[in-house]
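Engineer: kindly return the folded structure for what I paste below:
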Amino acid sequence: MPAPEVRLVLAVSLDGRLAPATGGAAQLGGSGDRRALEEALAWADGALVGGQTIRAHGCTCLIRDADLLERRQQEGRPPQPAALVVSRQSDWDQDLRLFQQPLERWLLGPHEAAPAGFDRALRLTSWPQTLAATGCARLLLLGGAQLASQLLAEALVDELQLTLVPQLLGGPHSWLRSDLALDSRGWQLVEHRPLGGEELLLRYRRT
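Structural biologist: Sure, this is the predicted structure:
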C-alpha cells in the first residue's frame, strides 16, 4: 500500500509553545483557527492523535460546520475522519468523551485486537508500514509533541499547517522535542492568510 500524505496541524504561540510554562491547556486559537482546523479535518481520512493528548482532553476534534459535513457527504465519505489513537494502553476509561463521539476509533500500538471502545486495532511495527496499513490517503497529525516529533524525525510529515497565535508563553512545552534530530531539507510556503484576532495561518510543504 502507498504511504498516506501526512499534514501536521497545530496552533502555537509566537515562541513556539503549545501550553503555558506551568502546563495545562493553553486554549490557543480563535474562531478562524477553528475553521482552518475543520477544513483540514474535512480533507483527511483519519486523524492521528497521541494517547496522552486524548487522556488530557478527553476527546478528539470534530467537524461542526455544516458546509464541510455536506461536502464530505457529497464525496461519499463518513461525516468525520477516523480517530487514530497512538498508545500502548489497552485499558481505557469508557466515560471519556472520545467514546461518545460519532466517529470510528482505531488504536495503534502493540495490540493484537481492538479493546473495548475501539473499532479497529493496528499493530504499530514501523511508522512507514503502519501508516501505509491504515489504508488512508490523507492523514492529519494533531499531536501531541511526542508523536509529532517521532514522525518528523522519520521524515514522514509532508506538510505543516501552523496557526501563529499572538501570545508569548515561555516554558518547556514546545511543539517539538528539544533533542530532536531532523534532516536538513527545507520547507516551501504554499499558503499564508490572516485568520482574524491577529492570528496567522502558515502552511508549508516539505521540499
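
Engineer: now do the longest helix along the chain: which elements does it pack against?
Structural biologist: What stands out as the longest helix in the chain, according to DSSP state H, is helix 31-43. With contacts defined as 3 or more C-beta pairs under 8 Å, 6 or more residues apart in numbering; DSSP states H and E, the packing partners of helix 31-43 are strand 5-13, helix 66-74, strand 138-141, strand 159-165, strand 187-196, strand 199-206. Yep, even glycine has a C-beta here, placed from its N, CA and C like the rest.

Engineer: mind exporting the C-alpha coordinates of the fifth one to CSV?
Structural biologist: Coordinates of each C-alpha in strand 187-196 appear next as CSV, following Å, rounded to 0.1, in the frame of the first residue of the first chain:
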residue,chain,number,x,y,z
TRP,A,187,10.0,23.7,3.6
GLN,A,188,8.2,25.7,0.9
LEU,A,189,5.5,28.1,1.8
VAL,A,190,2.3,27.2,0.0
GLU,A,191,-0.3,29.3,1.8
HIS,A,192,-0.5,32.2,4.3
ARG,A,193,-3.6,34.0,5.4
PRO,A,194,-4.8,36.0,8.3
LEU,A,195,-7.5,34.3,10.4
GLY,A,196,-8.7,37.2,12.4
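
Engineer: so which residue is smack in the middle of the chain?
Structural biologist: The centre of the chain sits closest to L142, judged by C-alpha atoms, centre = their mean, with a distance of 1.3 Å.

Engineer: which residues touch that residue?
Structural biologist: Residues near L142 by C-beta atoms under 8 Å, 6 or more residues apart in numbering: 9-10, 47-49, 53, 60-61.

Engineer: about what we covered before: among the helices and strands packed on helix 31-43, show me which one is buried the most.
Structural biologist: Neighbour counts averaged per stretch over the helices and strands packed on helix 31-43 are highest for strand 138-141, at a mean of 24; criterion: mean count of other C-beta atoms under 10 Å.

Engineer: follow-up on the earlier one: of all the helices and strands packed on helix 31-43, which one is nearest W127?
Structural biologist: Of all the helices and strands packed on helix 31-43, it is strand 5-13 that lies closest to W127, at 9.8 Å by C-beta to C-beta.
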